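>>> Provided below are the primary sequence and the corresponding predicted coordinates.
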Amino acid sequence: MAQTQVANYTMEAFVEDVNNIFKNEADPHEQAKKVSAHLKDLLAVPGWLEEKLELEEEGGFGRFSLHLDEESGHPGNGWWLMASVQKPGQDNLPHDHGNTWVVYGVYKGAIRQRKWRWAFPGEGVDTAQIRETGKFTQQPGSVAYFLPGEIHDTLNLKEEGRSLVVRLESQKLDRVTRFQYDPEAGTMKVMDR
């Protein structure tokens, strides 16, 4: 997309692009890659998120729906675009997204993403356990996606102020079974919907 087109890109055009991806692409990895490219374009447009959320200068923490589409998605209908206004230091335990993929884009602030996987005897551990396999930081304009079954956690790196994260769930997560993991306790549980 040319720079002049990016400046005029809207959330409504993004929604149309995402629906076209779901209509024309069956492979979840390809879907996530293509949606990520469009989200990167949307994140480059200044001011659109504050306008959609009518955010105050400070506070306003929580999750806010930007668009729910009941006609398309993967693996079932009901993809969701939302914004997360994160508190300083806000984090969560490692978790997966069940059989959906999720794209994270940082609009403002910075978040750390860590990836995890199960390790089993023969892989340097005595008992099955979840282990960190890598981490990276997402700055404004940065986009990352997690495929079905991948385990990760996030941390808002802002010590003061908030981070604004735009997230697209290929199917609204309250409709799928997914798990949360506690590496210290060595446990996993079904997440509340």
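Great, that's in hand.
>>> CA only for contacts and neighbour counts going forward, please
Will do.
>>> shaky segments in this structure?
For the chain, the stretches flagged by pLDDT under 70 are 1-7, 193.
>>> again, only this time at 50
Applying pLDDT under 50 to the chain picks out residues 2-4.
>>> for it, what's the longest helix?
Assignment by DSSP state H gives helix 28-43 as the longest helix of the chain.
>>> distance from the chain centre to that helix, please.
Relative to its parent chain, helix 28-43 has a centroid offset of 11 Å by C-alpha atoms, centre = their mean, to the nearest Å.
>>> in it, what counts as buried?
Residues 28, 31, 32, 34, 35, 36, 38, 39, 40, 41, 42, 43 are the ones in helix 28-43 that count as buried (16 or more other C-alpha atoms under 10 Å).
>>> using CSV, list the CA coordinates for that helix.
This file holds the C-alpha atoms of helix 28-43, laid out as CSV (Å, rounded to 0.1, in the frame of the first residue of the first chain):
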residue,chain,number,x,y,z
PRO,A,28,-5.0,-20.0,9.0
HIS,A,29,-1.3,-19.1,8.7
GLU,A,30,-1.9,-17.2,5.5
GLN,A,31,-4.9,-15.5,7.0
ALA,A,32,-2.9,-14.3,10.0
LYS,A,33,0.0,-13.0,7.8
LYS,A,34,-2.3,-11.1,5.5
VAL,A,35,-4.4,-9.6,8.4
SER,A,36,-1.1,-8.6,10.1
ALA,A,37,0.0,-6.6,7.0
HIS,A,38,-3.3,-4.7,6.9
LEU,A,39,-3.2,-4.1,10.7
LYS,A,40,0.3,-2.6,10.3
ASP,A,41,-1.1,-0.2,7.7
LEU,A,42,-3.9,0.8,10.1
LEU,A,43,-1.6,1.3,13.0
